[in-house]
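Asks: I would like the atomic coordinates for the input below:
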Amino acid sequence: MERTPSPFAFRDFRFYWTARFCATLAQNSMVVVIGWQVYDIARRTMDIHDAALRLGFVGIAQFLPLALLTLVVGWTADRIDRRWVARAAVALDVFCAASLGLLAWTDTTTLEALFAIAMLLGVARAFAGPALGALAPNLVPPAVLPTAIAASSIAWQTGAIAGPAAGGYLYAHSHWLPYAVASGLFGLTLIALFFIRPIPRTELDRKANPWRQMVEGLHYVRRNRLVLGAISLDLFAVLLGGATAMLPIFARDILHIGAEGLGHLRAAPAVGAAAVAFWFSARPLKTNVGVKMLGAVVLFGVATVVFGFSRWIPLSLLCLAVLGAADMVSVYVRQSLIQLYTPDAMRGRVGAVSSLFISGSNELGEAESGLLASLIGPVAAVVLGGVGAILVTLLWARWFPELRNARTFDPPKSFEDIPGQEKAT
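Replies: Got it, this is the predicted structure:
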């Protein structure tokens, strides 16, 4: 049997991987600091419940741009050179990081400024996500794609490990420093993206109705029950099991470990996820992929419940690592299925819909967790969310048998004959 080549054997993928790593490192170092600043500023004048609600508003601020721009960004990623879409989004990231650094340098950071820049970061993510996601399959052959997704996840998860810890340590040294470092990392991301060469791809019909082209992504996801089940499972499971959104509260008022400890808590899920990503990059998942994804989401819920009850820091870190490892299995399977079961001309628009679901689970999950924590307390909110994630998985296993029956990542011979694909009328 001929051995599948490494994705790093392809020049443009190496630059893509570098861009992913630098951007993720910058984003995660900023996210942990923004969350800490919002909660810390709010706690100066508010009780824990009202401050938790303000923390949830950060998620809403980042989600709104994506919700409003989903159809536009997906169409843009399929109509315009995906490299330029990603470059423009990263340039906006540079502006946001530099602005937050200037505010911290002058000690003029306010909640309003943090929310406003969080919205701009949401705009950048809205455009970057579909463009980068649709770009990856163009850089390697289809047979290499699952391994490339694992390798790309290593870049993401490694940045997610180092980013939060670096953000916490840099912020403890100087409040402006994490944003200055993030600006430099985004600059490196931009340089790496400029080294990716032009890529031939399927062009959209420029005479067709743009609005009709935009909604085609929604129609495709609705008709393809395998893709719909995969991305909607992630939406509801992570939406409910949003323990990571509550980490500033656990760090400050429950575990009492401060900003540096928050960095460790934020990094722990990425440690587990990176371990799984490294494993899959060497030993790609090949059989019973759907059942393994469902089992991983159940494990995600169990780890969330145990974390909510834990008051012992090593156990809390272990639960977060297990949570991240389980989530990585789900991400790996979901992204592989979506990329391989979607034609290239549709990948930007389908990726935008997927990004909306993912952002809905992450950013709206932060808002939901913040609201629930303000009503019943952070511990009860986390535990209830973990139980909810388990129940959702059991329901999805019943409602979407296509997920249980997904055996391999082998792409379909024809996109008109995909398991779970309802025929358009």
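Asks: okay, and the closest residue to L132 other than its chain neighbours sits in which element?
Replies: Distance criterion Cβ to Cβ, 6 or more residues apart in numbering; nearest residue to L132, sequence neighbours excluded, is A86 at 5.3 Å. To be clear about C-beta, it is placed using only N, CA and C from the backbone, and glycine gets the same treatment. Following DSSP states H and E, one finds A86 within helix 82-105.
Asks: quick one: mean pLDDT over whichever helix or strand comes after that helix.
Replies: Following helix 82-105 in sequence order, the next helix or strand is helix 111-135 (DSSP H and E). The pLDDT scores in helix 111-135 average 87.
Asks: got the buried residues for helix 111-135?
Replies: For helix 111-135, burial by neighbour count (16 or more other Cβ atoms under 10 Å) applies to 114-115, 117-135.
Asks: can you check stretch 24-42 too?
Replies: If you call a residue buried by 16+ other Cβ under 10 Å, then stretch 24-42 has these buried ones: 24-39, 41-42.
Asks: and it, how far out from the chain's middle?
Replies: Computed by Cα atoms, centre = their mean, to the nearest Å, the chain-centroid distance of stretch 24-42 equals 16 Å.
Asks: what do you get for stretch 45-65?
Replies: 19 Å.
Asks: hang on, I231 packs against R334?
Replies: Yes - using Cβ atoms under 8 Å, I231 is in contact with R334, at 6.5 Å.
Asks: what's the distance between the residue nearest to L132 and A155?
Replies: Shown here: A86 relative to A155, a distance of 14 Å by Cβ to Cβ, to the nearest Å.
Asks: show me which of those two is the more surrounded one.
Replies: A86 (28 against 21; other Cβ atoms under 10 Å).
Asks: wait, doesn't the more buried one sit right on G133?
Replies: No - A86 is not in contact with G133 according to Cβ under 8 Å; the separation is 9.9 Å.
Asks: mind pulling up the pLDDT for R87?
Replies: So R87 comes in at 95 (pLDDT).
Asks: next one: it from R197, what distance?
Replies: Where R197 is concerned, R87 sits at a distance of 14 Å (Cβ to Cβ).
Asks: with R349 instead?
Replies: As judged by Cβ to Cβ, R349 and R197 stand 24 Å apart.
Asks: quick one, which of these two is more surrounded?
Replies: Taking other Cβ under 10 Å, R349 and R197 do not tie; R349 has more neighbours (31 against 9).
Asks: from what I see, the more buried one and G74 are in contact.
Replies: Yes - proximity of R349 to G74 meets the contact threshold set by Cβ under 8 Å, at 3.6 Å.
Asks: so which of the buried residues of stretch 24-42 belong to helices?
Replies: 24-39, 41-42 (DSSP state H).
Asks: who touches the nearest residue to L228 once chain neighbours are set aside in this structure?
Replies: Residue nearest to L228 in three dimensions, not counting chain neighbours: V221, with 5.4 Å by Cβ to Cβ, 6+ apart. Contacts here follow Cβ atoms under 8 Å, 6 or more residues apart in numbering; on that basis V221 touches 227-228, 231, 350, 353-354.
Asks: so which residues of the stretch 251-400 of the chain form helices?
Replies: Secondary structure of the stretch 251-400 of the chain (DSSP state H, counting those that start in this stretch): helices located at 258-282, 289-309, 313-340, 347-359, 365-376, 378-399.
Asks: any low-confidence regions in the stretch 1-150 of the chain?
Replies: Counting by pLDDT under 70, the stretch 1-150 of the chain shows low-confidence ranges at 1-4.
Asks: what strand or helix carries the residue nearest to L228?
Replies: V221 belongs to helix 210-223, assigned by DSSP H and E.
Asks: what's the mean pLDDT across that helix?
Replies: Mean predicted lDDT for helix 210-223 stands at 65.
Asks: output whatever helix or strand comes next after that helix as PDB, nothing but the C-alphas.
Replies: Per DSSP H and E, the first helix or strand lying C-terminal to helix 210-223 is helix 225-240. This file holds the C-alpha atoms of helix 225-240, laid out as PDB (Å, rounded to 0.1, in the frame of the first residue of the first chain):
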ATOM      1  CA  ARG A 225     -28.300  15.600   6.700                       C
ATOM      2  CA  LEU A 226     -24.800  14.200   7.400                       C
ATOM      3  CA  VAL A 227     -23.300  17.700   7.300                       C
ATOM      4  CA  LEU A 228     -26.300  19.200   9.100                       C
ATOM      5  CA  GLY A 229     -26.200  16.700  11.900                       C
ATOM      6  CA  ALA A 230     -22.400  17.200  12.400                       C
ATOM      7  CA  ILE A 231     -22.400  20.900  12.700                       C
ATOM      8  CA  SER A 232     -25.700  21.200  14.600                       C
ATOM      9  CA  LEU A 233     -24.500  18.700  17.200                       C
ATOM     10  CA  ASP A 234     -21.400  20.900  17.800                       C
ATOM     11  CA  LEU A 235     -23.700  23.900  18.100                       C
ATOM     12  CA  PHE A 236     -25.900  22.600  20.800                       C
ATOM     13  CA  ALA A 237     -23.400  20.500  22.700                       C
ATOM     14  CA  VAL A 238     -20.800  23.300  23.000                       C
ATOM     15  CA  LEU A 239     -23.600  25.900  23.500                       C
ATOM     16  CA  LEU A 240     -24.800  24.100  26.600                       C
END
